[in-house]
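Asks: Mind folding the following:
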Amino acid sequence: MKVSLPELRQMKVDGRPIVMITAYDHPSGRIVDAAGVDLVLVGDSAANVVLGHASTVPATMDEMTMLTAAVSRAVKHALVVGDLPFMSYQVSDAEAVANAGRLIKAGGADVVKLEGAGPSVERVRALVAAGIGVMGHIGLTPQTATSLGGHKAQGRQADAARRLFRDAITLEEAGCFGIVLEAVPAPVAGAISRRLAIPTIGIGSGPETDGQVLVLHDVLGIGDDGPRPRFVKRYAEVGAVMAAAVTEYVEDVRSQRYPAPEHTYSIPDDQLERFESAVDAGSIDDNTLADW
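Replies: Residues are numbered from 1 along each chain as shown. Here you go, the predicted structure:
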């Protein structure tokens, strides 16, 4: 049975941590769902970790719909959250509803996520009025990181922390069922989480949020080997395992260790004899093949 929005809220009430992780394809969706996560985010971080862009901004609705559909077909238990990419919801309520509806109808998402407060609050109201579940996202919002001064923690000054607190309350009042708090100082994230009746999901925001989310590729050690955020914990080095496996494959092919007899298909001796006789007789052409 699918995780439901009331169930998530009850988890907050009960103090049971909520687990969220990203996925971007069918095999990954199956793996994280089988592991028992509560929410699977098909994040616009796919632009970075899957499509090779330097930021999340280039992600398109076509791309996000395709990736969400692949994940949704795999996930049977967790709630699938489709991420609305940059400029898919900022222009108008009507465009936001149309694009969110596309993620749900064509992409198979259960709910959607959008970034920011301010003008996004009106978008949340419009989406909720259309019957679409919405997760908010405040703090470090990657789609607008440039205007925030880069990828850095938010709310480290009293006034900024107070704005985040107010934004969270406003998003809850607009109808969000939950809010991602990214790169928010732990005490600030804790204060917000205690104030809200809806769950908060932290990423780089300490242990006092109601749940946690990480990017799957960060968890598994796949992809970029450069500097990573301090909140990332790697649970495996799958990238190194993949590289070693492909290197061994290359070596096996070049040394002719692969394919071995167990990797090939056979043909009955009588059929092989017929084939070889035909080849030797030069009778393999379009006219004679019809007689076989």
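Asks: List the buried residues in whichever strand or helix holds Q271.
Replies: Using DSSP states H and E, Q271 falls within helix 269-281. By 16 or more other Cβ atoms under 10 Å, the buried positions in helix 269-281 come out as A278. No exception for glycine: its C-beta is placed from N, CA and C like everyone else's.
Asks: Alpha carbons of it, as CSV, please.
Replies: Provided in CSV are the C-alpha atoms of helix 269-281 (Å, rounded to 0.1, in the frame of the first residue of the first chain):
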residue,chain,number,x,y,z
ASP,A,269,25.2,-30.5,-35.4
ASP,A,270,22.9,-31.5,-38.3
GLN,A,271,21.8,-27.9,-38.7
LEU,A,272,25.4,-26.6,-38.6
GLU,A,273,26.3,-29.2,-41.3
ARG,A,274,23.5,-28.0,-43.5
PHE,A,275,24.5,-24.4,-43.0
GLU,A,276,28.2,-25.0,-43.7
SER,A,277,27.4,-27.1,-46.8
ALA,A,278,25.3,-24.3,-48.2
VAL,A,279,28.0,-21.7,-47.5
ASP,A,280,30.6,-24.0,-49.2
ALA,A,281,28.3,-24.5,-52.2
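Asks: Tell me the helices and strands packed up against that helix.
Replies: Judged by 3 or more Cβ pairs under 8 Å, 6 or more residues apart in numbering; DSSP states H and E, helix 269-281 is in contact with no other helix or strand.
Asks: What segments of this structure are helices?
Replies: Taking DSSP state H as the criterion, the chain carries its helices at 5-14, 26-35, 46-49, 61-72, 93-105, 119-129, 158-174, 186-195, 216-220, 238-254, 269-281, 286-289.
Asks: between those helices, which gets nearest to A78?
Replies: Nearest of the helices of the chain to A78, taken as Cβ to Cβ: helix 26-35 at 5.2 Å.
Asks: What helices and strands are in contact with that closest one?
Replies: By 3+ Cβ pairs under 8 Å, 6+ apart, helix 26-35 packs against strand 39-42, helix 61-72.
Asks: Give me the mean pLDDT for the shortest one.
Replies: So that's strand 39-42. Averaging pLDDT along strand 39-42 yields 98.
Asks: Tell me which residues are up against that strand.
Replies: 3, 8, 18-24, 29, 32-33, 64, 67-68, 71-72, 75, 78-83, 107, 109, 113, 201, 211, 213 (Cβ atoms under 8 Å, 6 or more residues apart in numbering).
Asks: got a list of what A69 touches?
Replies: A106, G107, G108.
Asks: and the helices and strands packed on helix 26-35 as a markdown table, adding distance to Y265?
Replies: Below are these laid out as a markdown table (distance: least, Cβ to Cβ, whole Å):
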| stretch | distance to Y265 |
| --- | --- |
| strand 39-42 | 38 |
| helix 61-72 | 31 |
